[in-house]
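> this one's structure only:
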């Protein structure tokens, strides 16, 4: 049996039985999709994962990328994998037929991404970045930019990146100092350093196209003076590609994701770096938010994918490894049992499954919202957008943070073996950790959630969130679903109460007190959100169980119901500590002086 | 400023102000120790850490140990470090003056261990194992064995190990199959494989002495038929050292602790492996428990040490790195601030400190108990031993499990930089993870805690634990201490209630139901235990604050009080979820069939 890294059965359950993806074909843009085309797309994605991604996951860690003679050498599997994804039409899949795309909903593209991230994030991260860069040029770039770049990007010949971070502007983008100066011909001269640029250079592609944030000379301070540029490694001059003075100073030695480099780039050291403005001046950050939002969902997908692969690796071990006996078995001569029979091992497996499938279900739910927000109309579109906005910090942070715990339990399931490189889990443990840092740390997303998303538009997004939970609870008619719905409604009420308490603090005591524990608030919000999503899955599973006659389906649905119950029994109570801490009238962190921590 | 990895101020606070280590000199065995000798010992340990351990921590990861031509090559720093510790007399420090030792209490030896583990666990783990092996021969070995081995072990010329685990006997030691056959001359012929043997081979020493568990032919099944042997790599024959047929088959590729090998050993493949029985036949496991208990505390010390080093690395970064502004500062032109000023960064630092100093304080408390259990008499000795027994699973598991979270928050404090090898934290993140697996996984310790320690002797240990908490609470007279004492008493009552509920289940529903969530029970017990220890520290800090005139002392005590408050405000509420889950009448893991998890 081949090693499993993802469950297609689970993806189909989520896409069809939970989300009814077929209903997306009511939108004109997606009207050509039917059951057969969803199935074909998913199978095509799985084939790419099986053939071109999964086999090279571990070797790309052992034979990691390196920097030599000014070049970034990556594993040969990278080129093959990028090409396989590109040739499947996936990089331009969102785009319209007339522009060479497939008008495919994010829900399906992201289901494919889960598969690929689970198979080998080293490769699929590259493809994802190129997709995001292409989408950005597609959405906001001039016809000329589109003609120059989209073909090469979507074919996988060129790599796309997002070039935001600078040595002194990481979490605080408003402090970025890279500059752009008009050269009189409509192009700009770029000068600056960009660090931690993922996929920022590799010999696996012919060119790298950096979607770069910089300030046009004389622009306003802060985020209102940031513009977006296309800055290629090689620019076209009279039909030839010539060096564009984007120098790779080095790559970072990273704990994981060693097949996927983070580069330090120097742009314009020789005053010969051309940048091409995307859209209007000073609107760069608002454009970049499209790619940042995609990247946030993408980071969630990456983390969920890695946790998925670790789950199946630990499940396989638990199915095979024989050790120990049940506590009730006192005879040392009785045969030892498979470790999957031990309650604590089952707990570790159910825990992982609750996180992995809870994350995947939630990310698909968010993807569906983004599709409706993108092609829908009227109130439906507005609501979808508002709900998507408040859920984005969770979609990024829950899989990233809890994914670490999940992979850690995968390792624990194997005991000592899990810590060795005889098994892939130690790599997954190293790889997944960066997701809580990528695309805004969890702390930054806490501030985004509580400081912006919860309060914006008079709390409209939060209201939609609570209503959505109530609607799901109202749909629960099965025995288990009804019980879980009651628990969930209590949690929603409790979170609402806490939210009012905190926004009250904002009014009374100002933003520093209001936001001091925003990270805890995000954790609280996330626990409730994933509970909501598990109730959705429980409802669908109880329905499926009623309707099926197949015994493997019965096991599947029963397993879903058990995992939902597990989540509510073991995970949902963890909201209580966050509630108590947030509702307590303490300002310990604010009051502690830095001299007292030394 | 040199990089800091541990706080001597904190160790002195714990040893003197919290634990009153000087009171140990009331025992005859420790009577020569006074304030000066404690200070000298601690300073000597710190000097070794500074000079011989810390400088090589990172290089031993990058230039990791490897296996070639049947030999294990370790970094040159290893030999130097082991020698430095041995020459300080530390390996035999527990032993009596007449046997060449220093009659030093574990409390002091383990304070030294914290320093060394924080400085460089690759080296100090070797020394610790040798110490444990020497102690075992010292306690139970014949005069002849002692004469043959103790000198070489305590000089650091030879390495000691504990050789328990086999391919089919990891968590379940009762299944071990390594065999021993009497050869007629009082020695035994050993045959078997041992895996994951830490420090099992290295060219840094002249010989390796494996304290090995094996079954004498015809011995009873299960744990009652296990004997303990000294099995050296080279045995003495007519004054020469000759090969003893202990073959290193290889070393494991590990995620971390790469300077400290785990070996796969084959003993007796050529029928020429001699073993020397320690003590009586079939009592091996009971002897080995001495070393296992030392190793459990040692694992806690290791984890706490690594978390300590990560804490100071992140603190240094937070003191230096400038980024962002407070939420109340809306002017993008205002100067950015040091990140230690951000509430969320303070939270991550206080969180680490709560875990690191909570662990260290608790481990020193346990060490003091083991000293009283070892040299005390009467009821005091019995009580100390009983309390030590129930606390051992926590002393091993709390620093190991929460240490992972702590180092993760250290990494998060650095953001992207923390994921790179420009900083030491990524190594610490990899290194610390194994502690939840070493010396019994957390799941095994959950079973030990609830299935043995809580119930044994009619619950005498648990009763002592609750009484100890009540005594501490009664001593709290300061404003903060009194508040925290009330919270702690509630927790103790609640844990007691939960314990009665579970032991009730044992009677009604049998051991499988009773022990199904033993890991959660351990987490619950651990959270309360560390709360108790923070109350101890808070009481001492409030007292110190009253008495001091120095402003740096005031900051130190104030920081202690803030950390204690932090622990009770942010961590103690996490008991609630464990309480709810354990008290709920669900058997989800037991009821879930393995077919439902596939």
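Okay, I see it. Keep in mind it's a predicted model, so treat the numbers as computed, not measured. Residues are numbered from 1 along each chain as shown, chains lettered A, B, ... in the order given.

> right, is stretch A:111-121 up against chain B?
No. Figure legend: stretch A:111-121 not in contact with chain B (CB under 8 Å from any CB of the partner chain); closest approach 14.3 Å. Yep, even glycine has a C-beta here, placed from its N, CA and C like the rest.

> off-centre distance for that stretch?
Its chain's average C-alpha position is 11 Å from that of stretch A:111-121, according to CA atoms, centre = their mean, to the nearest Å.

> now do it, average pLDDT.
Averaged across stretch A:111-121, pLDDT comes to 98.

> stretch A:209-223 now?
For stretch A:209-223, the per-residue pLDDT averages 96.

> how does chain A divide up, domain by domain?
A:8-154, A:160-282, A:441-593 (automatic domain parsing).

> going along the chain, name the helices of the stretch 201-350 of chain A.
Counting by DSSP state H, counting those that start in this stretch, the stretch 201-350 of chain A has helices at residues A:284-320, A:343-375.

> which one, of those, ends up nearest to residue B:263?
For the helices of the stretch 201-350 of chain A, proximity to residue B:263 was assessed by CB to CB; helix A:284-320 is nearest, at 21.9 Å.

> and the domains of chain A as a markdown table, adding distance to residue A:342 and mean neighbour count?
Converted to a markdown table, those look like this (distance: least, CB to CB, whole Å; neighbours: other CB atoms under 10 Å in any protein chain shown):
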| stretch | distance to residue A:342 | mean neighbour count |
| --- | --- | --- |
| domain A:8-154 | 24 | 20 |
| domain A:160-282 | 29 | 20 |
| domain A:441-593 | 16 | 19 |
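
> return the nearest residue of the stretch 301-450 of chain A with respect to chain B.
Ranked by CB to the nearest CB, the top residue of the stretch 301-450 of chain A for proximity to chain B is residue A:332, at 3.1 Å.

> does that residue touch residue B:223 like I think?
Yes. Applying CB atoms under 8 Å as the test, residue A:332 and residue B:223 come out as touching, 7.4 Å apart.

> list the residues that contact both of these two?
Common neighbours of residue A:332 and residue B:223, counting by CB atoms under 8 Å, 6 or more residues apart in numbering or on different chains, are residue B:174.

> low-confidence stretches in the stretch 351-500 of chain A?
Counting by pLDDT under 70, not a single residue of the stretch 351-500 of chain A qualifies.

> quick one: the helices in it?
With DSSP H, counting those that start in this stretch as the criterion, the stretch 351-500 of chain A has helices spanning A:378-414, A:416-419, A:425-432, A:442-447, A:456-475, A:479-509.

> and if you look at the stretch 1-150 of chain A?
Going by DSSP H, counting those that start in this stretch, the stretch 1-150 of chain A shows helices at A:8-12, A:35-48, A:57-62, A:76-87, A:106-140, A:143-154.

> export the ones you listed to CSV and tack on distance to residue A:236?
Formatted as CSV, those follow (distance: least, CB to CB, whole Å):
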stretch, distance to residue A:236
helix A:8-12, 41
helix A:35-48, 30
helix A:57-62, 31
helix A:76-87, 20
helix A:106-140, 15
helix A:143-154, 7
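
> looking at the stretch 101-250 of chain A, which residue is nearest chain B?
Proximity of the stretch 101-250 of chain A to chain B (CB to the nearest CB) peaks at residue A:222, 3.1 Å away.

> wait, that residue touches residue A:176, no?
No. Using CB under 8 Å, residue A:222 makes no contact with residue A:176, being 10.0 Å away.

> residues contacting residue A:505?
A:513-514.

> any figure for the gap between it and residue A:578?
For residue A:505, the distance to residue A:578 (CB to CB, to the nearest Å) stands at 15 Å.

> and if you look at residue A:468?
From residue A:468 to residue A:578 the distance is 21 Å (CB to CB).

> next one: residue A:478
From residue A:478 to residue A:578 the distance is 29 Å (CB to CB).

> also residue A:128?
Distance, residue A:128 to residue A:578, using CB to CB: 32 Å.

> same check on residue A:162?
Counting by CB to CB, the gap from residue A:162 to residue A:578 is 32 Å.

> again with residue A:7
Taking CB to CB, one finds residue A:7 at 30 Å from residue A:578.

> which residues touch residue A:535?
Contacts of residue A:535 (CB under 8 Å, 6+ apart): A:472-473, A:476, A:481, A:484-485, A:488, A:564.

> is residue A:262 in a bridge, and if so with what?
residue A:198 (DSSP bridges).

> which residues does residue A:460 contact?
For residue A:460, the contacting residues are residue A:386, by CB under 8 Å, 6+ apart.

> chain center to stretch A:563-580, what's the gap?
23 Å.

> what about it, start to end distance?
With CA to CA, to the nearest Å as the measure, stretch A:563-580 spans 26 Å from end to end.

> residues touching residue A:160, list them.
A:129-134, A:153, A:199, A:208-209, A:211.

> same check on residue A:512?
Applying CB under 8 Å, 6+ apart, the residues near residue A:512 are A:590, B:326-328, B:343.

> what's the answer for residue A:360, then?
Counting by CB under 8 Å, 6+ apart, residue A:360 touches A:10-11, A:14, A:114, A:304, A:308.

> hang on, the earlier thing: quick one, which of the domains of chain A is nearest to residue A:380?
Nearest of the domains of chain A (CB to CB): domain A:8-154, 9.8 Å.

> up against chain B, what does the stretch 251-400 of chain A have?
So far as CB under 8 Å from any CB goes, the stretch 251-400 of chain A lies against chain B at A:252-256, A:262, A:315, A:319, A:322-328, A:332-333, A:336, A:338, A:340-350, A:353.

> roughly how far apart are residue A:112 and residue A:104?
Residue A:112 is 9 Å from residue A:104, by CB to CB.

> picking up where we left off before, out of the contacts of residue A:535, which touch chain B?
Applying CB under 8 Å from any CB to the contacts of residue A:535, none is adjacent to chain B.

> out of those residues, which is nearest to chain B?
residue A:564 (10.0 Å).

> what strand or helix carries that closest one?
helix A:551-566 (DSSP states H and E).

> same for that helix, what does it pack against?
helix A:343-375, helix A:479-509, helix A:518-547, helix B:588-591 (3 or more CB pairs under 8 Å, 6 or more residues apart in numbering or on different chains; DSSP states H and E).

> quick one: name the residues of the stretch 101-250 of chain A near chain B.
Counting by CB under 8 Å from any CB, the residues of the stretch 101-250 of chain A near chain B are A:165, A:168, A:170-172, A:174-175, A:195-196, A:221-223.

> distance to residue B:83 added to the domains of chain A, as CSV?
Shown next, in CSV, are the domains of chain A (distance: least, CB to CB, whole Å):
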stretch, distance to residue B:83
domain A:8-154, 34
domain A:160-282, 31
domain A:441-593, 42
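
> right, and these - which one's nearest residue B:122?
That would be domain A:160-282 among the domains of chain A, by CB to CB, at 17.6 Å.

> so how far is that closest one from its chain's centroid?
23 Å.

> what's the end-to-end length of it?
Criterion CA to CA; first-to-last residue distance in domain A:160-282 is 22 Å.

> swap in stretch A:179-189?
OK, stretch A:179-189 end separation, CA to CA: 8 Å.

> which residues are in contact with the closest residue to residue A:45 other than its chain neighbours?
The shortest distance from residue A:45 to any non-neighbouring residue, by CB to CB, 6 or more residues apart in numbering or on different chains, is to residue A:112 (3.6 Å). Contact partners of residue A:112, counting by CB under 8 Å, 6+ apart, are A:41-42, A:44-45, A:90.

> which single one of those residues is nearest to chain B?
Among these, and counting by CB to the nearest CB, the member closest to chain B is residue A:42, at 19.8 Å.

> you'd agree the closest one is up against residue A:108?
Yes. With contact defined as CB under 8 Å, residue A:42 and residue A:108 form a contacting pair (7.4 Å).

> which neighbours do the two share?
Counting by CB under 8 Å, 6+ apart, the residues touching both residue A:42 and residue A:108 are residue A:15.
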